[in-house]
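1. Need coordinates for the below:
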Amino acid sequence: PLEGLAHDFDGIPHCAPPGLHLSGRTRYSPYTSIGAAALTLVLNILLIPRFGMMGAAWATVISYSMVAVVTCAISVRAYQVRYEYRRLLQLCVIGLAIWLLGRLVPAQITVVSVSWHLILGTLAFPLALLAIGFFDSGERRFAREHLRRLPWLRRRGQ
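-> Numbers count the residues shown, from 1 in each chain. Now for the predicted structure:
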């Protein structure tokens, strides 16, 4: 789970820098990467001897989150992009809830376990978003139009 969280943080700098690109300030990106590498090295030296692989996992989480925070801070100062923070938080909360539900049934090669995780992994997220009213009318219309194009959802004779 910690490595998954680290990679979630690693994805943020790929989404957050429109401000850097629009303002032409991408020159800061290598410095955040170099800083994260240095921080990872120091944290690995400090944490691995005491905590083993969990220390390495925490070092990765901390350094990737540092890159995310610094990249977002620089991007926001360079060019203000209006993000929908409420909706982003909703996505995170629903994702966390589904992950916690997944932990209720141990991951094993059994019909119950595979079915549980398959349902959570494919249906739970969009259905939970529908249930909380996450999608606006334009997004629902877009989804309906594209779902109608799927061959197994087309009505016969059309």
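2. Okay, buried residues for the helix or strand where residue 19 lies please.
-> Per DSSP states H and E, residue 19 falls inside helix 18-23. Neighbour counts using 16 or more other Cβ atoms under 10 Å place 19, 20 of helix 18-23 among the buried residues. C-beta: built from backbone N, CA, C; applies to glycine.
3. Please apply the same query to stretch 57-69.
-> 57, 58, 59, 60, 61, 62, 63, 64, 65, 66, 67, 68.
4. Apart from its neighbours in sequence, what residue is nearest the third one?
-> Spelled out, it's residue 59. Closest residue to residue 59 apart from its sequence neighbours, by Cβ to Cβ, 6 or more residues apart in numbering: residue 43 at 3.5 Å.
5. quick one on the thing from earlier: following the helix holding residue 19, which helix or strand comes up?
-> helix 29-51.
6. Which strands or helices does that next one pack on?
-> Helices and strands touching helix 29-51, by 3 or more Cβ pairs under 8 Å, 6 or more residues apart in numbering; DSSP states H and E, are helix 53-78.
7. so for the helix it packs on, what's the average pLDDT?
-> Per-residue pLDDT over helix 53-78 has a mean of 91.
8. and after it, which helix or strand comes next?
-> Downstream of helix 53-78, the first helix or strand assigned by DSSP H and E is helix 85-104.
9. What residues of that next one count as buried?
-> Buried-residue list, helix 85-104, by 16+ other Cβ under 10 Å: 90, 94, 102.
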